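Q: Sharing a model prediction with you, sequence too.
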Amino acid sequence: MSAIVRRPQLEDDQKFALMKFRKTVEDILGPDDDDYFLLRWLRARKWNIEAAEKMLRSAHRNKQTWIGTNWKEPQVLKEYLPYGLIGCDNEGSPTILVPFSGLDLYGILHCTSASEFVRKTVLLLEHFSKVGFEQSKTKGVLARQFVVICDMTDFNIKQYAWRPAAELIISLVKNYELHYPETLKICYIINAPKVFSVAFNFIKKFMDDYTRSKICIFNHGSTKWQKLLFEHLDPKIFPKYYGGELTDEDGDPKCKSKICWGGKVPEEMYTKRDDKNNNANYIDTVIEKGKKLKIELNCDIAGSVLRHGISAQNSFNEWDNCCHLFLSGFAKDNRAQAGILAPLTMTSALVLRVLTIKLVKAIPKCRSRGLSQTKWTRPATLLVVEEPSMLSCSTIPTVI
């Protein structure tokens, strides 16, 4: 027997907006995209049909960009990305446990790129969405929302003072808010130390009001969250380590067979920037203080995405990721923005793209655009940039 599908009652004008919205975006809808799916986008944009359409089409492009059949997941993400899908709650919602303190972003980003991390996150969200959709066939539409438990034990804010880590977290939050509206049922942040409030007060600026309203924070040592969680989740499917009843077959209360706990990434796994094989695709150039490097790129494939990689060498001949990339140039009416995917939609056979690269260095007492940064003061810094032929627009989806 199928569960009753619980939907809010709609006013006449809302029913009309839903009907008009469906007709507007019917060219990108799939067979499973029902009224509940469309209502997510309308609610997220306060029933503004044009804004909801823009949001949904952006999410559609995002999904097409990141989901591919030939992607080989980096080993570091398989072994050190902390998360686990432990099952579903009483309403069928996928329940994800994240031992966040096991996330070594510094180590991960020295083994793989931020774009690979983003891709993995998108694939996980899509997987959780599919699990929820299948559950909704018998449990009701609430199964399409996620329950998340984040354990912040030993949270170290220093890791996120490193610019690439901070920018990655911001990028992930923005991606989620823009492309997965109203999919969070509730998020329990547990064992949060006092310093966590500093990080959360910053990151919540990038969250929608709906998302913020679904987050419950509990201080370190508090067990009040367990009572709330077990009101809608069977303790039998929750790890004994966190107050549930589930253990692995060998009695492990952390259930490591279902949950990856992450941990410190061994330096042996770090990508060696000076390896001969890696250098084969790079050229060296020196950018003096106050100067710019311009690279002309040709693109003749509509819908392509620009791919690039940069790395800087400091005065101690060590590779440093404390550099920032500013993009300028046009593909028809689309301007590329730093850190944002820029699919090219030109219709002409050839479009010129120009990259303008500057170096900035993160310091704690200089703020600009919400991130600590200032210009490099050294007279010259060695920059390694992918060869123009390698930088040419490609159909391989990557993040800028």
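A: Nice, I can see it.

Q: Can you show me the helices along the stretch 1-150 of the chain?
A: 12-24, 35-44, 49-66, 75-80, 105-109, 114-139 (DSSP state H, counting those that start in this stretch).

Q: Excluding chain neighbours, give the residue nearest to residue 236 in space.
A: residue 245 (4.9 Å; Cβ to Cβ, 6 or more residues apart in numbering). Heads up, the C-betas are built off the backbone N, CA and C, glycines and all.

Q: so that neighbour makes contact with residue 233?
A: No: using Cβ atoms under 8 Å, residue 245 makes no contact with residue 233, being 11.3 Å away.

Q: higher neighbour count, the two?
A: residue 233 (22 against 12; other Cβ atoms under 10 Å).

Q: Can you tell me how far that one is from residue 129?
A: Using Cβ to Cβ, to the nearest Å, residue 233 is found at 19 Å from residue 129.

Q: just residue 224 next, same as before
A: Taking Cβ to Cβ, one finds residue 224 at 30 Å from residue 129.

Q: Please apply the same query to residue 96.
A: 12 Å.

Q: who has more neighbours, these two?
A: The neighbour comparison of residue 96 against residue 129 (other Cβ under 10 Å) goes to residue 96, with 20 against 16.

Q: Test of understanding: give the bridge partners of the more buried one.
A: residue 85, residue 148 (DSSP bridges).

Q: State the pLDDT value of it.
A: pLDDT for residue 96: 97.

Q: I'd assumed residue 88 was in contact with it.
A: No: the criterion here is Cβ under 8 Å, and residue 96 misses it with residue 88 at 10.4 Å.

Q: neighbours of residue 13, just the number please.
A: 9.

Q: Look at it and report its pLDDT.
A: Value for residue 13, per-residue pLDDT: 89.

Q: That one and residue 52, how far apart?
A: 14 Å.

Q: cool, and residue 242?
A: Taking Cβ to Cβ, one finds residue 242 at 38 Å from residue 52.

Q: for residue 265, same thing?
A: Counting by Cβ to Cβ, the gap from residue 265 to residue 52 is 40 Å.

Q: ditto for residue 36
A: Note on residue 36: its distance to residue 52, by Cβ to Cβ, is 14 Å.

Q: quick one, which of the two is more surrounded?
A: Comparing residue 36 with residue 52 by other Cβ under 10 Å, the one with more neighbours is residue 52, at 24 against 17.

Q: what's next to stretch 9-24, contact-wise?
A: 29, 35, 38, 39, 41, 42, 47, 49, 52, 53 (Cβ atoms under 8 Å, 6 or more residues apart in numbering).

Q: Could you chop this structure up by domain?
A: 12-66, 82-269, 276-391 (automatic domain parsing).

Q: comparing those, which gets the lowest mean pLDDT score?
A: For the domains of the chain, where the average pLDDT is lowest is domain 276-391, sitting at a mean of 40.

Q: List the contacts of residue 101.
A: Per Cβ under 8 Å, 6+ apart, neighbours of residue 101: 151, 152, 153, 154, 155, 156.

Q: The same query, at a cut-off of 10 Å, please.
A: Contacts here follow Cβ atoms under 10 Å, 6 or more residues apart in numbering; on that basis residue 101 touches 82, 150-156, 191, 193, 261-263.

Q: again, but for residue 194
A: Neighbours of residue 194 in contact, by Cβ under 10 Å, 6+ apart: 155, 219, 220.

Q: let's see it at 8 Å
A: Counting by Cβ under 8 Å, 6+ apart, residue 194 has no contacts.

Q: sec struct for it, please.
A: Three-state assignment for residue 194 (DSSP: H, G, I helix; E, B strand; the rest coil): coil.

Q: Distance check, it against residue 110.
A: With Cβ to Cβ as the criterion, residue 194 and residue 110 are 29 Å apart.

Q: For residue 260, which non-adjacent residue is spatially closest?
A: Distances taken as Cβ to Cβ, 6+ apart place residue 82 nearest to residue 260, at 5.6 Å, with adjacent residues excluded.

Q: circling back: show me the two of the contacts of stretch 9-24 that sit farthest apart.
A: Greatest spatial distance among the contacts of stretch 9-24 (Cβ to Cβ): 29 and 47, at 18.5 Å.

Q: Assumed residue 249 was part of a strand.
A: No: under three-state DSSP, residue 249 sits outside any strand and is assigned coil.

Q: Tell me, how many residues neighbour the closest residue to it other than its chain neighbours?
A: Leaving aside its sequence neighbours, residue 249 sits nearest to residue 257 (Cβ to Cβ, 6+ apart; 7.6 Å). Residue 257 has 11 neighbouring residues, counting by other Cβ under 10 Å.
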